[in-house]
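Participant: fold the stuff below for me.
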Amino acid sequence: MWIAVGCLGLLVLAALGIGAGSPVQHRASRTMILRKNSAEVYNVIAGPPDWHPGVARWKPAGAGIWTEFDQRGRGVI
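Facilitator: As a prediction, this is how the structure comes out:
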């Protein structure tokens, strides 16, 4: 049991060490080439979530805002 606790402690210390060694101003970015024009891409991102397979239905909640629901009727965040 003490070996397991010691290994877990070492993992936590390793994670803290890696985090402390990371630069504070770290930024990550991603580039993607799409074969659609910018208006089509924006409409998918800003429009209703009818493209998302995890959303069974959605209800408008204002200008550009909606509530998503899964197959069980729970609100999806």
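
Participant: now the helices for the chain?
Facilitator: Using DSSP state H, the helices of the chain run over 2-21, 38-46.

Participant: out of those helices, flag the one nearest Arg27.
Facilitator: Nearest of these to Arg27, taken as CB to CB: helix 2-21 at 16.0 Å. The way it works is simple: take the backbone N, C-alpha and C, and place the C-beta from them, glycine included.

Participant: report all helices and strands that the closest one contacts.
Facilitator: Helices and strands in packing contact with helix 2-21 are not found; criterion 3 or more CB pairs under 8 Å, 6 or more residues apart in numbering; DSSP states H and E.

Participant: quick one: mean pLDDT for that helix?
Facilitator: Mean pLDDT, helix 2-21: 91.

Participant: swap in stretch 62-71?
Facilitator: Averaged across stretch 62-71, the pLDDT comes to 80.

Participant: now that stretch: buried residues?
Facilitator: 68-69 (16 or more other CB atoms under 10 Å).

Participant: cheers, nothing more for now.
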